[in-house]
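Trainee: Sequence first, then the predicted structure, then my questions.
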Amino acid sequence: MLYLRDFSYSLRRNRGGFIGFLIIMITLLCAIFAPIIAPYAPEEAIVEDSRLAPNSDHIFGTDETGMDVFSRVVHATRIDVTIAVFGTLLSLLIGIPIGLAAAYREGLFGEITMRIADVLQAFPVFILAIALVSILGNNVQNIIIAIAFLNAPIYMRFVRSEVLSIKQRPYVEAARCAGMSNLKIMFKELLPNSLRPTMVQASINMGWAILLTAGLSFIGAGVRVPTAEWGSMIAIGAPLIITGQWWSSFFPGVAIGITVLGFALFGDFLRLYLDPERR
Amino acid sequence: MKNLLDIKGIKKHFPVRGTKDVVTAVNDISFNIREGETFGLIGESGSGKSSVGRCILNLISPTSGEMRYKGMEYSKFGKKEAAVIRTEMQMVFQDPYYSLNPRKTVWETVEDTLRVNKNLAATDRKKMTVDALAKVQFFENDYEKYPHQLSAGQQQRVGIARAIAPKPKFIVLDEPTSSLDLSVRAEIIDLLVKLQKDSGITYLFISHDLSTIQFLCHRVAVMYLGRIVEYGDVNEVFHNHRHPYSKALLASVMKPDPKIPRSDYRLSGEIPSPINLPKGCHLASRCPEVEAKCREIDPPFIDVGNGHFVNCHHAAPLEKERIPVTQKN
């Protein structure tokens, strides 16, 4: 309870963080209550209503096949947020323990894991994502796996470099002096003090994950049409922009931009909030 | 007095990255620490004094040598036996801020050291934590503070509370006062003296601050380049030093009264690299009293009486009048 009050107090004093938090909350609410918010079903195509400009019935207009853009933008948060959250969580779950172990046990194990991370990071992210998804098959689950796989080396590096710098601190020596086990030293002394950059990065990476998902869907390697997803919606609407029907690409694009911004702002706030000296 | 610790011939080599060289941090050191005394270890930076302290606590394992605690050779103990000795030997660190986990409160810092002992009931553990904190003048309203909310002196007192909480018999004090203001330094030293009086803890006090050593220690050893060059009772070493290095070191102490004549005994040159140690006496290249044999033969430890040993070819019996040694209480 005390933590919660402290959190909300700090959040209110940080304008960027507050806006970011607000955006994330709105996105989450959209995801949860999509069927209530959206006036139409996301895949309900009414052919005679196709390519309608924004009006009172369809506030974001309709696309080529007559699907309501607003309903689809709202419903798409479900897939995009799910992929971002679970992809990031999974990569944290993989990256943090490996990074911690690689730093604590330098030497052969540490070297090998870092070289593997080097190889993974040497590939352009998007190309590797396309390759992974085309090998595994393009569905939501595999996009999550691909994102986890691509981001894990980042967290691994972050945790490792932090642990390397603090494991020489006397308080770690003091813990050893007291007879604490290696596991306890790793998880009670080292990990809590090395998570800050990782947490900040995780929030920013949520935004990246959404961008990546949208990017994959845009080129057809991600979520399949007609499932509502921001990237694939942009792809559907893109050919229409040239004929002046901008709305079916524009609104999903705005949604991506705002959500990514929200996570980035919140990440920035986390960096300040997680500073132990702030308390 | 019984010996609490017997250190015999310990060496510590550190490999130099990317080469086959080794840095000899501790080079064949032997001494003993008696129960209830404060043993001082003096030396300049890089002389290996901190490495000696860490070797004794097994925080780094010595390359070779024997270490006995109450007669038991503990450096080769298994995990279980080592855990018992662990709680009997503790350490206080030089930098009070970095020696505390920034995400732990004062209370957690002290209590977590006791959690290691699984046999300790929660109520006893809490009581021991309260006791340890009370001994360093920390009371309830400060328990929930974080390290950055404390002054350096308070931080160091938490460090001391953490060390004394498991009721150790022996504490290594690794320059506990060198990063503190003078006024705070006095407070910490008084606290350490009081703790020793109350519970008979044995200290190994590592420092380059000669006046603190002189005030606090019963016996001292002077280290130079990984070796002990002279050791004995504090007054013997401070007033009757025979080794050229000790002479130069003690001549460098500022005196509170400018009228007191200062010795202008000086060494020349630089300290040799601990990677390529010279043959013979390590001080030979800098010593004003150097002879041919110093460069060839390792000097022996010469007993100059009163439990005072000097590692020098020239430490032969004294010509000048001995200064009477006053007993320390």
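Mentor: Yep, it's here.

Trainee: what's the neighbour count on the spatially closest residue to B:Lys2 that is not a sequence neighbour?
Mentor: Excluding the flanking residues, the one nearest B:Lys2 by Cβ to Cβ, 6 or more residues apart in numbering or on different chains is B:Glu35, at 5.0 Å. In short, each C-beta sits where N, CA and C put it, glycine included. Under the neighbour criterion other Cβ atoms under 10 Å in any protein chain shown, B:Glu35 is assigned a count of 15.

Trainee: per-residue confidence at B:Glu35?
Mentor: Model confidence at B:Glu35, given as pLDDT, is 93.

Trainee: For it, grab phi and psi.
Mentor: Phi and psi for B:Glu35, reported as degrees, to the nearest 10, are phi -60, psi 130.

Trainee: near chain A, which residues of chain B?
Mentor: Neighbours of chain A within chain B, by Cβ under 8 Å from any Cβ of the partner chain: B:54, B:57, B:59, B:83, B:86-87, B:89-91, B:93-95, B:98-103, B:112-113, B:116, B:146, B:148-149, B:159, B:162, B:166.

Trainee: Strands along the stretch 101-250 of chain B, start to end?
Mentor: Along the stretch 101-250 of chain B, counting by DSSP state E, counting those that start in this stretch, strands occupy B:170-174, B:202-207, B:219-224, B:227-233.

Trainee: Just put those in TSV and tack on mean neighbour count.
Mentor: Shown next, in TSV, are the strands of the stretch 101-250 of chain B (neighbours: other Cβ atoms under 10 Å in any protein chain shown):
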stretch	mean neighbour count
strand B:170-174	25
strand B:202-207	25
strand B:219-224	26
strand B:227-233	26
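
Trainee: Could I get those in JSON lines, plus columns for mean pLDDT?
Mentor: Shown next, in JSON lines, are the strands of the stretch 101-250 of chain B (pLDDT from 0 to 100):
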{"stretch": "strand B:170-174", "mean pLDDT": "95"}
{"stretch": "strand B:202-207", "mean pLDDT": "95"}
{"stretch": "strand B:219-224", "mean pLDDT": "94"}
{"stretch": "strand B:227-233", "mean pLDDT": "93"}
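
Trainee: Between those strands, which one is closest to B:Ile260.
Mentor: strand B:219-224 (21.1 Å; Cβ to Cβ).

Trainee: What residues does the nearest residue to B:Leu100 once chain neighbours are set aside make contact with?
Mentor: Spatial nearest neighbour of B:Leu100, chain neighbours left out: B:Pro147 (4.1 Å); criterion: Cβ to Cβ, 6+ apart. The neighbours of B:Pro147, taking Cβ atoms under 8 Å, 6 or more residues apart in numbering or on different chains as the test, are B:97, B:100-102, B:104, B:106, B:109, B:155, B:158.

Trainee: For chain A, name the helix or strand with the lowest mean pLDDT.
Mentor: helix A:2-13 (a mean of 86; mean pLDDT, DSSP states H and E).

Trainee: elements contacting it?
Mentor: helix A:15-32, helix A:247-273 (3 or more Cβ pairs under 8 Å, 6 or more residues apart in numbering or on different chains; DSSP states H and E).

Trainee: List the buried residues in it.
Mentor: A:10-11 (16 or more other Cβ atoms under 10 Å in any protein chain shown).

Trainee: ok and it relative to helix A:247-273, angle-wise?
Mentor: Helix A:2-13 runs at 120 degrees relative to helix A:247-273, counting by axes from the mean of the first three to the mean of the last three Cα atoms, to 10 degrees.

Trainee: Next, the angle helix A:15-32 makes with helix A:2-13.
Mentor: The directions of helix A:2-13 and helix A:15-32 differ by 110 degrees, with the same axes, to 10 degrees as the criterion.

Trainee: Now do helix A:2-13: distance to the chain's middle.
Mentor: 23 Å (Cα atoms, centre = their mean, to the nearest Å).

Trainee: got it, and stretch A:11-31?
Mentor: Its chain's average C-alpha position is 15 Å from that of stretch A:11-31, according to Cα atoms, centre = their mean.

Trainee: what does stretch B:251-263 give?
Mentor: The gap between where stretch B:251-263 is centred and where its chain is centred comes out at 25 Å by Cα atoms, centre = their mean.

Trainee: Below-threshold pLDDT in chain B: ranges please.
Mentor: Chain B contains residues with pLDDT under 70 at B:316-329.

Trainee: Determine which residue of it is most distant from the centre point.
Mentor: Relative to the C-alpha centroid of chain B, counting by Cα atoms, centre = their mean, B:Thr123 is the outermost residue, at 34.3 Å.

Trainee: wait, isn't B:Lys247 in contact with B:Tyr265?
Mentor: Yes: B:Lys247 lies in contact with B:Tyr265 (Cβ atoms under 8 Å); the separation is 4.8 Å.

Trainee: More neighbours: which of these two?
Mentor: Legend: neighbour count by other Cβ under 10 Å for B:Lys247 and B:Tyr265, higher for B:Lys247 (19 against 15).

Trainee: For B:Arg266, see how far away that one is.
Mentor: Using Cβ to Cβ, to the nearest Å, B:Lys247 is found at 9 Å from B:Arg266.

Trainee: Which strand residues bridge the residue most central in space within chain B?
Mentor: Geometric centre of chain B, nearest residue: B:Ile206, 2.6 Å, by Cα atoms, centre = their mean. With DSSP bridges as the criterion, B:Ile206 is bridged to B:Leu41, B:Asp174.

Trainee: What sits closest to residue 14 if chain neighbours are left out?
Mentor: Just going to use chain A. Nearest one to A:Asn14, counting by Cβ to Cβ, 6+ apart, is A:Phe269 at 5.0 Å.

Trainee: Chain B is the one I meant
Mentor: B:Phe14 sits nearest to B:Val23 (Cβ to Cβ, 6+ apart), 4.5 Å away.

Trainee: what mean pLDDT does stretch A:52-70 have?
Mentor: 89.

Trainee: Report the buried residues of that stretch.
Mentor: Neighbour-count burial for stretch A:52-70, counted by 16+ other Cβ under 10 Å, picks out A:52, A:58, A:60-63, A:65-70.

Trainee: So which bits of chain A are right by chain B?
Mentor: A:169-171, A:173-180, A:188-189, A:192-193, A:276-277, A:279.

Trainee: Now with 7 Å, please.
Mentor: By the rule Cβ under 7 Å from any Cβ of the partner chain, the part of chain A lying against chain B is A:169-171, A:173-174, A:176-180, A:189, A:192-193, A:276-277, A:279.

Trainee: Highest mean neighbour count out of the helices and strands packed on helix A:2-13?
Mentor: Per-stretch averages of neighbours, counted by mean count of other Cβ atoms under 10 Å in any protein chain shown, single out helix A:247-273 among the helices and strands packed on helix A:2-13, with a mean of 20.

Trainee: follow-up on the earlier one: and the residue nearest to the centre of chain B, what is it in contact with?
Mentor: B:41, B:49-50, B:53, B:172-175 (Cβ atoms under 7 Å, 6 or more residues apart in numbering or on different chains).
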